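Colleague: Make a model of this:
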Amino acid sequence: MIELYTWKTSNGRKASIMLEELGLPYNVHPINIGNDDQFTPEFLAINPNSKIPAIVDTDGPGGKPYTLFESGAILMYLAEKTGKLMPQEMAARYQVIQWLMFQMGGVGPIFGQVHHFERAAKEDIPYGKKRYGTECRRLYAVMNAHLEGRSYFANDEYSIADIAILPWVARYEWQLVDLSEFPNVKRWFDSLMARPAVQRGMEIPAG
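Modeller: Alright, predicted model coming up:
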């Protein structure tokens, strides 16, 4: 059983989509970051960095409970645990990993900054909006070019790379992006959003 500690954020949805795609049994523990639940002693014992998502695998390596945080690491762990959504062959495996790192090092931080300056900043900061908005659109252009003639980001197979990127693109309106300007990204996005497991994972935690 996987114990999932999460909230409805782009990073949180990576873990829930992955668990739904794999069909693994899991319990959801909502961590309401708006109420600072991530700073409670109970959650800090699971993730000292006070970020969601985090998991506890009650049947981890050696049959012992295993705790893990960082959404990218969670995706890799669950893929390795099940042998699904990441290839074993080295070259194909690193195609997946490089696009996962593209999300972790680029899409997530940059899109997140756009969200902050456009939605959360207590004052209008045009420089921040321009800097991160421009880089956000550049990353969309990179994805759009790469997806030309491809259905998925790596090896033309659905993988954890797609699962990592999808919930960030799902916030395209927060980024002031019209997906019709990036038709290959839109085609990829629409295809993945039609998957039942993705739809279920996007609604975790419910309510």
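Colleague: drop to CA atoms for contacts and neighbour counts, all remaining ones
Modeller: OK.
Colleague: Identify the residues contacting the lengthiest helix in the chain?
Modeller: Ranked by number of residues, the top helix in the chain under DSSP state H is helix 126-146. The list of residues contacting helix 126-146 from outside it, by Cα atoms under 8 Å, 6 or more residues apart in numbering, reads 106-107, 110-111, 113-114, 117-118, 153, 175, 177, 182-185.
Colleague: What's the ChimeraX syntax to select whichever of the residues you listed are buried?
Modeller: Selection of buried members from the contacts of helix 126-146 for ChimeraX, criterion 16 or more other Cα atoms under 10 Å:
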select :106,107,110,111,113,114,117,118,153,175,177,182,184,185
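Colleague: For this protein, which segments count as strands?
Modeller: Along the chain, the segments classed as strands by DSSP state E run 2-6, 26-30, 54-57, 66-69.
Colleague: mind checking how far the longest helix of the chain is from the chain centre?
Modeller: The chain centre lies 18 Å from the centre of helix 126-146; the measure is Cα atoms, centre = their mean, to the nearest Å.
Colleague: Only the buried residues of it, if you could.
Modeller: So helix 126-146, judged by 16+ other Cα under 10 Å, has buried residues 128-129, 132-133, 135-137, 139-141, 143-144, 146.
Colleague: Let me see the contact set for the closest residue to residue 95 other than its chain neighbours.
Modeller: Spatial nearest neighbour of residue 95, excluding adjacent residues (Cα to Cα, 6 or more residues apart in numbering): residue 154 at 5.5 Å. Counting by Cα under 8 Å, 6+ apart, residue 154 makes contact with 92, 95-96, 99, 161.
Colleague: Between those residues, identify the one with the most neighbours.
Modeller: Neighbour counts for the contacts of residue 154 (other Cα atoms under 10 Å) peak at residue 161, which has 27 neighbours.
Colleague: Leaving out sequence neighbours, find the closest residue to it.
Modeller: Residue 161 sits nearest to residue 100 (Cα to Cα, 6+ apart), 4.7 Å away.
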